[in-house]
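Novice: need a 3D model of the following:
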Amino acid sequence: MKKYLVEFIGTFFLILTIVCTVLGGAGSFAPLAIGSVLMVMIYAGGHISGAHYNPAVTLAVFLRGKCDAADVPLYMVAQILGGAVAAFVGTFIVANMVDTIPPASTFAATKAVPGLLCEFLGTFALCWVVLHTATAKGTEGNSFYGLAIGFTVLACAYALGGISGGAFNPAVAVGVSVAGMSAWSNIWVFLVGNFLAGALAAFAFKFVNGDD
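Specialist: Numbers count the residues shown, from 1 in each chain. Just a heads-up that it's a prediction; the model follows:
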């Protein structure tokens, strides 16, 4: 139960930060806040749950062999619930922080193919870094894994976020949809791109690290 609570809390604060910075007008500074909160939440919860905070990461870690099958659905439920609750709390906060909440934005790309490609690439990079810095024998016990993962999201958000919105996380996709930042009709772009990338990142990791 402790692991699932940690996953809920970490995902909650990640998506709360996304909602409050994007809708609250942080502009180009939003990715910096998002990458930073992910980093600190990873350091806070990594020793308990592994600090996935992302169903695609959970899938990648499971396929890599470092997450029990019984934990996978419960991790994902905790993450998605964390995202949904954060969306409600975040929109309430923003409603009392700015005069008007911006209308539903095109957080997901209006063009499916570029959006799908960006979500795939960003999520692949994220899962690739997670697997190599937080689960590999060669980097076991390092102190930089949270920084590496947070900065991956930061970099990919700046590089790709202008096209797809830069979710790289199915729980974020649910959260921004609940918050009205993306149309529900766009959610498949995130889900397909994110889960496919997580699976392929795990297989690529196992190919490169066959003895791990």
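Novice: leaving out sequence neighbours, find the closest residue to Ala159.
Specialist: Spatial nearest neighbour of Ala159, excluding adjacent residues (CB to CB, 6 or more residues apart in numbering): Gly122 at 7.8 Å. Backbone N, C-alpha and C define where each C-beta goes, glycine included.
Novice: no wait, Lys2
Specialist: Ile48 (6.0 Å).
Novice: next one: Asn209
Specialist: Spatially, and ignoring its direct neighbours in sequence, Asn209 is nearest to Ala136 (6.2 Å; CB to CB, 6+ apart).
Novice: which residue is nearest the centroid of this structure?
Specialist: Asn169 (3.6 Å; CA atoms, centre = their mean).
Novice: and it, what does it touch?
Specialist: 14, 53-57, 123, 126, 190, 194 (CB atoms under 8 Å, 6 or more residues apart in numbering).
Novice: what about the residues you listed, which are in helices?
Specialist: Cross-referencing those against helices under DSSP state H gives 14, 55-57, 123, 126, 190, 194.
Novice: closest to Glu140 among those?
Specialist: Proximity of those to Glu140 (CB to CB) peaks at Val57, which lies at 18.0 Å.
Novice: that closest one: neighbour count?
Specialist: Counted with other CB atoms under 10 Å, the neighbours of Val57 add up to 31.
Novice: out of the contacts of Asn169, which one sits closest to Val85?
Specialist: Leu14 (12.0 Å).
Novice: that closest one: how many residues sit nearby?
Specialist: By other CB under 10 Å, the residues close to Leu14 number 26.
Novice: next one: Ile93
Specialist: Residues within reach of Ile93, counting by other CB under 10 Å, total 15.
Novice: on that earlier part again, what about the residue nearest to Lys2, which helix or strand?
Specialist: helix 30-49 (DSSP states H and E).
Novice: Leu200 too?
Specialist: Going by DSSP H and E, Leu200 is in helix 187-208.
Novice: packing partners for that helix?
Specialist: Helix 187-208 makes packing contacts with helix 55-64, helix 112-134, helix 145-164, helix 170-178 when contacts are defined by 3 or more CB pairs under 8 Å, 6 or more residues apart in numbering; DSSP states H and E.
Novice: in that helix, what's buried?
Specialist: Residues 187, 189-191, 193-202, 205 are the ones in helix 187-208 that count as buried (16 or more other CB atoms under 10 Å).
Novice: which pair in those residues spans the largest distance?
Specialist: Ile187 and Phe205 (26.8 Å).
Novice: biggest helix in the protein by residues?
Specialist: Assigned via DSSP H, the chain shows its longest helix as helix 71-95.
Novice: coming back round to it: next up, the contacts around the residue nearest to Ala159.
Specialist: 153, 156-157, 159-160, 164, 166, 168, 197.
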